[in-house]
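Q: Any chance you can model this:
(chains A, B, C and D)
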Number of protein chains: 2
Amino acid sequence: MSAKAASPERVGTRAHSLGRLEHEFGVVLRRVKRVLAERARAVHPDLPASSYLMLSYLDESGPCRSSAIAELFAMDKGAISRQVQHLADLGLVERTPDPADGRAALLAVTDEARRRMAQVQRDRRRWLDERLGDWSDEDLLAFVDTLSRYNASLDY
Amino acid sequence: MSAKAASPERVGTRAHSLGRLEHEFGVVLRRVKRVLAERARAVHPDLPASSYLMLSYLDESGPCRSSAIAELFAMDKGAISRQVQHLADLGLVERTPDPADGRAALLAVTDEARRRMAQVQRDRRRWLDERLGDWSDEDLLAFVDTLSRYNASLDY
DNA sequence: GCAATTGGTTGCGAATCGCAACCAACGGGA
DNA sequence: TCCCGTTGGTTGCGATTCGCAACCAATTGC
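A: The predicted structure is shown next:
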């Protein structure tokens, strides 16, 4: 509690809320950072934590190109290339040549990866549901809707 | 839009909300990952993006030990030691011996770092405020309160 | 058909992390 | 008081990762 405001704004002002927002997202980030590694391991023992987000995105958004991933994650395309190579070696991602462009390849998660990801997500949701036991369905839905609106406001 | 649910749950169920929650936090993560690097640069051109969160935590939570940081970020204490060393070289962090324990040292941000962080936070809040222009003060406050409750529910 | 661009891979140097060994200081017994 | 186990922190080392740049292949535009 007591999200100590380092700034001298009056409590309840918009500026104060924005400060608290940054603070709370900081908490989220630190927790996620801790959780991500074990989630990656749960999918595959040799899956680097840094690749989990990428695999997760591919899983839920469908096939796309390496270059799209590179831009989305603001990473070098070389680094992406190696990560994809590793994921392919692990049998989690398949590269199929893009029929529309001979240079490009479409990345897609394998059935095996989809199964494993689904299992990990089920476990995660069970854990979440337990932690949010005192949240009503309406509370949760409202929260997700607002978070979604927040993302929509910030993603240009 | 259309947060495509890979899972076959019926829309509106609690399970569906939990799935959306994961999705939206994924969006948050990718955006934050993109933003963090430039924020770090704004504080100091030689500040590694990975150290920004640490400096930010020190700035808003006050002095603490390296070991506390290591546990909070789930990182090796050796890695923390080097990061702190680097931050000290940059003049952003000071190490003062802990009067209560001769082994330990208390980390604290320098005045210079505090000024720079404050400036970056001001800019960031201005940007945020602009993006959230169509949010009422009540919307924003409710969102922060709910996010805070969410963190409280998950942080044990 | 040739030049410029784009998608992707690879080589290389720099930086980072985890593990482990290590040192110094604290603390609880015998 | 003297040990000995524990804790806070630094350092060495091997492995991994990233960014930059050079490079190849395929596409697009003129």
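Q: Kindly report the residues of chain A close to DNA strand D.
A: Applying CB under 7 Å from any atom of the strand, we find that chain A lies next to DNA strand D at A:48, A:50-51, A:74-79, A:82-83, A:86, A:101-103. Every residue, glycine included, has its C-beta placed from N, CA and C.
Q: can you list contacts of stretch A:17-37?
A: Outside stretch A:17-37, the residues that touch it by CB atoms under 8 Å, 6 or more residues apart in numbering or on different chains are A:3, A:5-7, A:9, A:49, A:52-53, B:25, B:28-29, B:32, B:53, B:56-57, B:60, B:72-74, B:121, B:124-125, B:128-129, B:137, B:140-141, B:143-144, B:147-148, B:151, B:154-155.
Q: let's see it at 7 Å
A: A:3, A:5, A:7, A:9, A:49, A:52, B:29, B:32, B:53, B:56-57, B:60, B:72-74, B:121, B:125, B:128-129, B:140-141, B:144, B:147-148, B:151, B:154-155 (CB atoms under 7 Å, 6 or more residues apart in numbering or on different chains).
Q: Would you mind listing what in chain A touches DNA strand C?
A: So chain A meets DNA strand C at A:65-68, A:77-78, A:80-82, A:84-85, A:95, A:98, A:101, A:103-105 (CB under 7 Å from any atom of the strand).
Q: part of a strand, is A:E94?
A: Yes - per DSSP: H, G, I helix; E, B strand; the rest coil, A:E94 lies within a strand segment.
Q: pretty sure it contacts A:T110?
A: Yes - contact criterion CB atoms under 7 Å: A:E94 and A:T110 qualify, at 5.5 Å.
Q: thought A:A49 was touching A:R39?
A: No - counting by CB under 7 Å, A:A49 stays clear of A:R39, with 8.1 Å between them.
Q: Which phi and psi values does A:M54 adopt?
A: Phi and psi for A:M54, reported as degrees, to the nearest 10, are phi -60, psi -50.
Q: ok, it touching A:V84?
A: No - between A:M54 and A:V84 there is no contact, the gap being 8.2 Å when judged by CB under 7 Å.
Q: I'd like to know how many residues surround whatever residue of chain A ends up closest to DNA strand D.
A: Of all residues in chain A, A:G102 sits closest to DNA strand D, at 2.5 Å by CB to the nearest atom of the strand. Look at A:G102: counted by other CB atoms under 10 Å in any protein chain shown, it has 8 neighbours.
Q: again with the one 4 residues further on
A: Burial of A:L106 is recorded as 18 neighbouring residues (other CB under 10 Å).
Q: That one belongs to a helix?
A: No - going by three-state DSSP, the assignment for A:L106 is strand, not a helix.
Q: Let me see the contact set for it.
A: Contacts of A:L106 (CB under 7 Å, 6+ apart): A:63-65, A:96, A:98.
Q: Let me see the backbone angles for A:R65.
A: Backbone torsions for A:R65, taken as degrees, to the nearest 10, come to phi -90, psi 160.
Q: Identify the bridge partners of it.
A: In this entry, A:R65 is beta-bridged to A:L106, by DSSP bridges.
Q: separation between it and A:L18?
A: Noted for A:R65: a distance of 36 Å to A:L18, by CB to CB, to the nearest Å.
Q: likewise A:A68?
A: For A:A68, the distance to A:L18 - CB to CB - is 31 Å.
Q: Is it correct that A:M75 falls within a strand?
A: No - going by three-state DSSP, the assignment for A:M75 is coil, not a strand.
Q: Right, I'll leave it there.
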